[in-house]
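Enquirer: The sequence isn't on hand, but the structure is:
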């Protein structure tokens, strides 16, 4: 009877060790698996983090792409952040200018960073920004507002199956994160000194 119990305990210990090693391995594999899943399903479209160069091309007037703009702010960040327009019709190859409006509702300066995403994810490679506020940190003094420029074009090679692109920005408060670039921190220090 004791021998059966020992065998049973060894079996349980082996199963627990295998389970723990499996969970540890799954933890390491989770990020690459998530990226593959997002790429396969066409979600979580990552956009470029540097400006594209606009090469004048023939604008495809025969196609019209709906571009939707969505904005949200980190839950504890006292800013409003809205697009100039919620949707617009653009032709592939056409250079478009628009902006978002950010307002700091607090009594102190705040540094924000916008993180973009394009849906469907397959369309992200065809959405090109030549100028974007998301490339830089945004410093707003207390109760200040700013127009944040966005200049973009949709690549004419966009697959015909995609007729709508949604550009979504989430604005994060990075004031206390130490990420502030020197020019921005100088502007903040000068504003605080006045």
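Expert: Here it is on my side, so go on. Please read these numbers as outputs of a predicted model, since none were measured by experiment.
Enquirer: so where's the longest helix in the protein?
Expert: Ranked by residue count under DSSP state H, the longest helix found in the chain is helix 2-41.
Enquirer: and the very next helix or strand once past that helix, average pLDDT?
Expert: Stepping forward along the backbone from helix 2-41, the first helix or strand reached (DSSP states H and E) is strand 65-73. Per-region confidence: strand 65-73 scores 96 on mean pLDDT.
Enquirer: Show me the domain layout of this protein.
Expert: According to automatic domain parsing, the chain is divided into the following domains: 1-41, 65-193.
Enquirer: Of all those, which one is nearest residue 57?
Expert: Across the domains of the chain, the minimum distance to residue 57, taken as Cβ to Cβ, is reached by domain 65-193, at 4.4 Å. Just so you know, the C-beta spots here come from the backbone N, C-alpha and C atoms, and that holds for glycine as well.
Enquirer: deepest of the domains of the chain, which one?
Expert: Comparing these on average neighbours per residue, with mean count of other Cβ atoms under 10 Å, the densest one is domain 65-193 at a mean of 16.
Enquirer: hmm, back to that, report the distance from the longest helix of the chain to the chain centre.
Expert: Between the centre of helix 2-41 and the centre of its chain there are 32 Å (Cα atoms, centre = their mean, to the nearest Å).
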